[in-house]
Every structure is written in structure tokens, then in C-alpha cells.
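Visitor: Predicted model and sequence follow; I will ask about them next.
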Amino acid sequence: MSSIEKSIIHDHIYSSNSTREKDCNQLKISSNKNDNSFENHRRSIRKKCDIQTDEDREEYFRRRTLNNTSCRVSRIHRRSKLEITMKKCMEYEDLNAKLIAQTSLITQIIDLLKEHLRTSVSNNLQTNK
């Protein structure tokens, strides 16, 4: 058995649950006895217990390998999206802090200008009287 097959068997959900696998095989055998039309239809290999021939095993391993590869790629994409989102979040937090500082500076300048305007207007009013 190759290392790929070992890793697939190791990753498979039914690999450590032999009683479930046996139950599945028993269901398959009993359904074959009751249903003769099963041989005419293409067998669907969805679980490890559905394997009956070498072709089934090859198809199963091919599909498991394909699924494992696509899951790996999906995880990589998800992680990269998360990293991009975290970078954007940090950039926006920095920008937010800068904007808050700028807003407080502008507010202070406006308050100083208002105070200066009040004093200059009150001085002009007092000199005009």
C-alpha cells in the first residue's frame, strides 16, 4: 500500500470505526440479495464500505485524493483571505486612529478660532461704545 493510500485511509472517517463499516457492508449484502436490478445500475461508491472490486477501490482512492487536494486548496484560499482581511483590518484601524487624531486637532483649532473671534468681537464692541 502506497503512502498516499495510507494517508487516505488514515484521513477517512470510517477508518477507525470498523463496526460502522461492518454494518454498512451487511446492509449492502442484504440489499443485493433483495434487489436484482442493482447489477444493471452503475454502482455509486460513496463510502469505503461500498468498495467491492479493484476498480471500485481505484475509483474510491482517486475520488478521495481529489477531495483531499481540493480541501487543501480550499483551506489555503480561506487562510489567505483571512490574512488579507486581517491586513485590511489593521490598516483601517491605523487609518481610524489617524482620523481621530486629525479630528481632535481640527476641533481644537476651531475652538481656538471661536475664542479668538469672541474676544476680537467683544473688543471691537467695547471700543465702539
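Guide: Structure's in. What do you need?
Visitor: Only C-alpha atoms from now on, for both contacts and neighbour counts.
Guide: OK.
Visitor: Quick check: phi and psi on T53?
Guide: In this entry, T53 is assigned phi and psi values of phi -130, psi 170 (degrees, to the nearest 10).
Visitor: Please tell me how far it sits from Y60.
Guide: For T53, the distance to Y60 equals 10 Å [C-alpha to C-alpha, to the nearest Å].
Visitor: Neighbour count: the two, which is higher?
Guide: Looking at T53 and Y60 with other C-alpha atoms under 10 Å, you find the greater number of neighbours at Y60, namely 20 against 9.
Visitor: Please name every helix or strand in contact with the strand or helix carrying the more buried one.
Guide: Here Y60 is covered by helix 54-128, with elements defined by DSSP states H and E. Counting contacts by 3 or more C-alpha pairs under 8 Å, 6 or more residues apart in numbering; DSSP states H and E, helix 54-128 is packed against helix 3-11.
Visitor: pLDDT (mean, whole number) over the helix it packs on?
Guide: For helix 3-11, the mean pLDDT works out to 54.
Visitor: go on, stretch 50-64?
Guide: Averaging pLDDT along stretch 50-64 yields 84.
Visitor: which parts of it are buried?
Guide: Neighbour counts using 16 or more other C-alpha atoms under 10 Å place D50, I51, D56, Y60, F61, R64 of stretch 50-64 among the buried residues.
Visitor: Equivalent analysis for stretch 84-93, please.
Guide: For stretch 84-93, it's none, nothing buried (16+ other C-alpha under 10 Å).
Visitor: rewinding a little: okay if I get the buried residues of stretch 50-64 as JSON lines plus distance to N128?
Guide: Listed next are those as JSON lines, based on distance: C-alpha to C-alpha, whole Å:
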{"residue": "D50", "distance to N128": "103"}
{"residue": "I51", "distance to N128": "105"}
{"residue": "D56", "distance to N128": "105"}
{"residue": "Y60", "distance to N128": "99"}
{"residue": "F61", "distance to N128": "98"}
{"residue": "R64", "distance to N128": "94"}
